[in-house]
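Participant: After the sequence you'll find the predicted model.
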Amino acid sequence: MDEKKVLEMKGIDKTFPNVRALRNVDFSLCEGEIHALMGENGAGKSTLIKVLTGVYTKDAGTITLKGKGEVQIHSPQDAQKLGISTVYQEITLCPNLTVAENMYIGRTEGALTNWKKINEAADKLLKSLEIPATATQQLSNCSIAVQQMVAIARAVDMDCKVLILDEPTSSLDEQEVEKLFGLMRDLKKRGVGIIFVTHFLDQVYEVCDKITVLRDGGLVGEYEIKDLPRVQLVAKMLGKELDDLSDIKGEGGTYEGKDKDEKIFEAKDLQSNAGIKPFDFYIKKGEVNGFTGLLGSGRSECVRAIFGADRVINGTVKMHGKSVKINKPLDAMKNGIAYLPEDRKKDGIIQDLSVRENIVMALQVLTGFFKPFSKAQQYAFADEYIKKLNIKTASADTPIKSLSGGNQQKVILARWLLMHPEYLILDEPTRGIDVGTKVDIQKLVLELAKEGMSVTFISSETDEMLRTCSRLVVMRDRKVVGELSGEDLTQNKIMSTIAGESKS
């Protein structure tokens, strides 16, 4: 093991039922190094971290720590004793306790504890790390950033050699991020090795020394920051090499009505409580456009703001040029907007209801529960869309939970199409479904647009966006960084815009 290396993981394998989450992954960390662990959703980042911290037991491979040789880590307690600490995105401290109590919880001796000494020790450590808090302050009175710093201080006091920061900046504003980076640089000088898991490209290039990229459970490579331009990082995360990317243009016919240039929906300076920067957006009659960017870039938050699914805190909205208020999903539905959410299990299907009941739900809400549809009407609606979308189900009365993922997705799509919306928002409509159903949904989107429906389409698969969209809004770090259409609608241009580089 190299003298400078504090951690070395070699040949790590981890398999869950039907899924090989990690395949022969290597990862190493040096003393006094900030090392970014990057990859899209499902790349294996979380699994690797959980293997290192003892949440999961590896199936194969070795973990070696400086001064300890090869180690076996069977629990988070084992990891902590070996000097491996994790600070998660969700604060795992106790807000009703003081800062000092949180820093020393589990390490004191009950009633015999000398709190005066502990408070003094806590204040000394807080001061040395320049954390703006006092030992006796209740944690709930500290900002999220300071709470994370307290969690880091606790790890440092427990003599951690490896500090894992898992999405620590996702809830912080720019000033708070700078304070956290200051603390990370200070720990780096003290020789602590830091693993930094984040979706924010700008932050990686601001604070990190190295990057390891995972994709689909495998290691893509380890790179010095200076050797990996942003656009190349994006290419490696997405699995697209710049040299052999093909330009794919939208297929199928387009809407040719006289009103094709009319803006159905417009938003100005729209902002929600989900942390996205204010953005402008519009969609024309019969247009298919989309939001693109890496996971965590703010794609979903933008469409949730449009639909009123997150609380809107700023901005104006127009439908057909007239101002409207969309404060909640029902307001959006009344204005002819439909939304298929990213997580069909959590936000889409009602598992214990039948296919029929799931299909008629949105229209029933819009019509009002005091005007219930008859069973005959419900069956007519359900049977029409089961046939139209080729939903594979034994009958309209089959519980939706017994359908495949792709057919569940078609049921939710049927729910919104039954409303005959003017504007349909589809967030990851093809995630986790078979190729045949993906193609069906893409064709359907293009057909709906040709008939005059406006569609916003979001997908993690860039090829799919290029096949369906004529215009793309590009997101990075929760803000809009570009818009592409026409000849600019290519893989290369999307990736360079996401990366914030015009060349590389």
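Facilitator: Ah, there it is. Numbering: from 1, shown residues only.
Participant: which residue ranges form the strands in the stretch 301-450 of the chain?
Facilitator: 312-319, 322-324, 337-340, 423-427 (DSSP state E, counting those that start in this stretch).
Participant: Lys284: what's its closest spatial neighbour, skipping adjacent residues?
Facilitator: Lys263 (5.7 Å; C-beta to C-beta, 6 or more residues apart in numbering). For glycine as for every other residue, the C-beta is placed from the backbone atoms N, C-alpha and C.
Participant: measure the one you found to Lys325 for me?
Facilitator: Applying C-beta to C-beta, to the nearest Å, the value for Lys263 to Lys325 is 18 Å.
Participant: Look at the two and report which has more neighbours.
Facilitator: Counted by other C-beta atoms under 10 Å, Lys263 and Lys325 do not tie: Lys263 has more neighbours, with 15 against 11.
Participant: Spit out the contact partners of the more buried one.
Facilitator: 282-284, 318, 320-321 (C-beta atoms under 8 Å, 6 or more residues apart in numbering).
Participant: between those residues, which is closest to Ile441?
Facilitator: Set against Ile441, the nearest of the contacts of Lys263 by C-beta to C-beta is Ile283 (18.7 Å).
Participant: most centrally placed residue in the chain?
Facilitator: For the chain, the residue nearest the mean C-alpha position is Gly296 (3.8 Å; C-alpha atoms, centre = their mean).
Participant: gap between that residue and Thr169?
Facilitator: 11 Å.
Participant: who touches the nearest residue to Gly218 once chain neighbours are set aside in this structure?
Facilitator: Computed as C-beta to C-beta, 6+ apart, the closest residue to Gly218 that is not its neighbour in sequence is Arg23, at 4.8 Å. With contacts defined as C-beta under 8 Å, 6+ apart, Arg23 is in contact with 13, 217-218.
Participant: Next, format the residues you listed as TSV and append neighbour count, distance to Asp2 and secondary structure.
Facilitator: Formatted as TSV, the contacts of Arg23 follow (neighbours: other C-beta atoms under 10 Å; distance: C-beta to C-beta, whole Å; DSSP: H, G, I helix; E, B strand; the rest coil):
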residue	neighbour count	distance to Asp2	secondary structure
Asp13	16	23	strand
Gly217	21	26	coil
Gly218	15	23	strand
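Participant: packing partners for the helix or strand of the chain with the lowest mean pLDDT?
Facilitator: Counting by mean pLDDT, DSSP states H and E, the weakest-scoring helix or strand in the chain turns out to be helix 435-450, with a mean of 82. Helices and strands touching helix 435-450, by 3 or more C-beta pairs under 8 Å, 6 or more residues apart in numbering; DSSP states H and E, are strand 288-292, helix 405-417, strand 423-427, strand 454-458, helix 462-468.
Participant: Out of those, flag the one nearest Ile73.
Facilitator: helix 405-417 (34.1 Å).
Participant: which residues are contacting that closest one?
Facilitator: 338-340, 344, 348-349, 355, 358-363, 382, 385-386, 388-393, 400, 403, 424, 426, 429-430, 432-434, 436-438, 440-441, 444, 448.
Participant: Kindly reformat the contacts of Lys263 as a markdown table containing neighbour count.
Facilitator: Rendered in a markdown table, the data for those read as follows (neighbours: other C-beta atoms under 10 Å):
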| residue | neighbour count |
| --- | --- |
| Tyr282 | 16 |
| Ile283 | 21 |
| Lys284 | 17 |
| Lys318 | 15 |
| His320 | 15 |
| Gly321 | 9 |
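Participant: In helices, which of those residues appear?
Facilitator: The members of these all map outside helices under DSSP state H.
Participant: For the residue nearest to Gly218, what are phi and psi?
Facilitator: phi -130, psi 100 (degrees, to the nearest 10).
Participant: what do you get for the one 4 residues further on?
Facilitator: Here is the backbone geometry of Phe27 (degrees, to the nearest 10): phi -150, psi 130.
Participant: what residues are up against it?
Facilitator: Phe27 touches 7-9, 12, 37, 48, 212, 219, 222, counting by C-beta under 8 Å, 6+ apart.
Participant: 6 Å - rerun?
Facilitator: Phe27 makes contacts with 9, 212, as judged by C-beta atoms under 6 Å, 6 or more residues apart in numbering.
Participant: swap in Met38?
Facilitator: 211, 213.
Participant: Swap in 8 Å and give it another go.
Facilitator: 45, 198, 204, 211-214, 233, 237.
Participant: Just these: which are in helices?
Facilitator: Per DSSP H, the subset of the contacts of Met38 in helices is 45, 204, 233, 237.
Participant: I'd say the first one and Leu37 touch.
Facilitator: Yes - counting by C-beta atoms under 8 Å, Lys45 touches Leu37, with 5.3 Å between them.
Participant: Between the two, which contacts overlap?
Facilitator: Contacts common to Lys45 and Leu37, judged by C-beta under 8 Å, 6+ apart, are 197, 214.
Participant: which of the two has more neighbours?
Facilitator: Higher neighbour count among Lys45 and Leu37: Leu37, with 26 against 22, using other C-beta under 10 Å.
Participant: Work out for me the element the more buried one sits within.
Facilitator: strand 34-38 (DSSP states H and E).
Participant: How about Val55?
Facilitator: Applying DSSP H and E, one finds Val55 in no helix or strand.
Participant: picking up where we left off before, which of the contacts of helix 405-417 are buried, as a ChimeraX select command?
Facilitator: Remark: buried members of the contacts of helix 405-417, expressed as a ChimeraX selection using 16 or more other C-beta atoms under 10 Å:
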select :338,339,340,344,348,349,355,358,359,360,361,362,363,382,385,386,389,391,393,400,403,424,426,429,430,433,437,438,440,441,444,448
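Participant: domains for this protein, by residue range?
Facilitator: 5-228, 263-499 (automatic domain parsing).
Participant: Now render these as JSON lines, adding distance to Thr254.
Facilitator: Output for these, formatted as JSON lines (distance: least, C-beta to C-beta, whole Å):
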{"stretch": "domain 5-228", "distance to Thr254": "31"}
{"stretch": "domain 263-499", "distance to Thr254": "7"}
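Participant: Do you have the helices of the stretch 151-300 of the chain handy? List them.
Facilitator: Along the stretch 151-300 of the chain, counting by DSSP state H, counting those that start in this stretch, helices occupy 174-189, 201-207, 230-238, 299-307.
Participant: Please produce TSV containing these, extended by mean pLDDT, mean neighbour count and distance to Gly486.
Facilitator: Output for those, formatted as TSV (pLDDT from 0 to 100; neighbours: other C-beta atoms under 10 Å; distance: least, C-beta to C-beta, whole Å):
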stretch	mean pLDDT	mean neighbour count	distance to Gly486
helix 174-189	88	16	34
helix 201-207	90	18	26
helix 230-238	84	22	21
helix 299-307	94	25	21
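Participant: Tabulate those (JSON lines), appending distance to Phe27.
Facilitator: Listed next are those as JSON lines, based on distance: least, C-beta to C-beta, whole Å:
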{"stretch": "helix 174-189", "distance to Phe27": "18"}
{"stretch": "helix 201-207", "distance to Phe27": "16"}
{"stretch": "helix 230-238", "distance to Phe27": "15"}
{"stretch": "helix 299-307", "distance to Phe27": "28"}
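Participant: Which among the ones you listed is found nearest to Ser85?
Facilitator: helix 174-189 (11.0 Å).
Participant: between the closest one and strand 34-38, how many degrees?
Facilitator: 120 degrees (axes from the mean of the first three to the mean of the last three C-alpha atoms, to 10 degrees).
Participant: Can you name every helix or strand that helix 174-189 contacts?
Facilitator: strand 34-38, helix 144-157, strand 193-197, helix 201-207.
Participant: Including distance to Ala499, could the ones you listed go into a markdown table?
Facilitator: Shown next, in a markdown table, are the helices and strands packed on helix 174-189 (distance: least, C-beta to C-beta, whole Å):
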| stretch | distance to Ala499 |
| --- | --- |
| strand 34-38 | 12 |
| helix 144-157 | 27 |
| strand 193-197 | 18 |
| helix 201-207 | 7 |
